[in-house]
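Peer 1: 3D, please:
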Amino acid sequence: MVKKTLILIAVFIGILFCAVGFADSQFRTALGQKAPALVLPEKPGYAPATSLSDNLGSYVMLNFWKATDARSRRAANEYTAWLRHHKGNKFRLLSVNIDESPRLFDEIVRADSLIKTTQYHVSGDTAKAIVDTYGLDKGLGSLLIDPEGKIISHNPSMKDLDNIFGR
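Peer 2: Predicted coordinates:
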């Protein structure tokens, strides 16, 4: 009887920790919250090293994508196309790929004609930390961050961006 009670308590505690962790990542990326800190490493021939704090004063589209996630890959293409047609705005695209293979990343950037200077590749512990911080284990997506660093939109459409930027 005591053994079953201890097992039930352990299971309950495990579920509680999972729920708290999920709620915490959802809170950190909620509308109106300051976006969690993010530092992206340089990839020679691609984008220079940057962080969200380096981009204060500009709108930042933070897009997370992976080769095996069709919706996120399509979003990377759509945001790239939008950026090509809307130059001159205080708008920065940080498109973060979390595939393990840098070669796959290179091939997709080339095949999809993505703007190299907007593309970042992370893997291993860095990717895991980003996935945990931004709650990406529940699905990839995009955040639009205002010039003060606050999240103002989740997965904005091109029409949403046109409305925000007056086009």
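Peer 1: can you tell me the helix or strand for the residue lying closest to S113 once chain neighbours are set aside?
Peer 2: Nearest non-adjacent residue to S113, counting by Cβ to Cβ, 6 or more residues apart in numbering: T80, 7.7 Å away. The C-beta positions use only the backbone N, C-alpha and C, and glycine is treated the same way. According to DSSP states H and E, T80 maps onto helix 70-85.
Peer 1: the residue nearest to the spatial centre of the chain bridge partners, please.
Peer 2: Closest residue to the average C-alpha location of the chain: F64 at 3.7 Å, with Cα atoms, centre = their mean. Beta-bridge partners recorded for F64 (DSSP bridges): V96.
Peer 1: how much space between it and H85?
Peer 2: Applying Cβ to Cβ, to the nearest Å, the value for F64 to H85 is 22 Å.
Peer 1: pLDDT at K138, what is it?
Peer 2: pLDDT for K138: 83.
Peer 1: apologies, that question was intended for N63.
Peer 2: 97.
Peer 1: same check on L6?
Peer 2: With respect to pLDDT, L6 scores 45.
Peer 1: quick one: the residue nearest to S113 and K116 touch, right?
Peer 2: No: taking contacts as Cβ atoms under 8 Å, T80 lies outside contact range of K116: 10.3 Å.
Peer 1: higher neighbour count, the two?
Peer 2: Between T80 and K116, counting by other Cβ atoms under 10 Å, T80 is the more crowded of the two (19 against 13).
Peer 1: residues touching F165, list them.
Peer 2: Applying Cβ atoms under 8 Å, 6 or more residues apart in numbering, one finds that F165 lies in contact with Y59, H86, N89, F91.
Peer 1: skip the chain neighbours and tell me the closest residue to the first one.
Peer 2: Counting by Cβ to Cβ, 6+ apart, the nearest residue to Y59 once its immediate chain neighbours are dropped is F91, at 4.8 Å.
Peer 1: how many neighbours does that neighbour have?
Peer 2: The number of residues packed near F91 is 18, by other Cβ under 10 Å.
Peer 1: and it, its phi and psi?
Peer 2: The phi/psi pair for F91 (degrees, to the nearest 10) reads phi -130, psi 130.
Peer 1: distance of it from D146?
Peer 2: 11 Å.
Peer 1: check R110 too.
Peer 2: 32 Å.
Peer 1: with L136 instead?
Peer 2: Counting by Cβ to Cβ, the gap from L136 to D146 is 21 Å.
Peer 1: check P44 too.
Peer 2: The value you get for P44 to D146, if Cβ to Cβ is used, is 31 Å.
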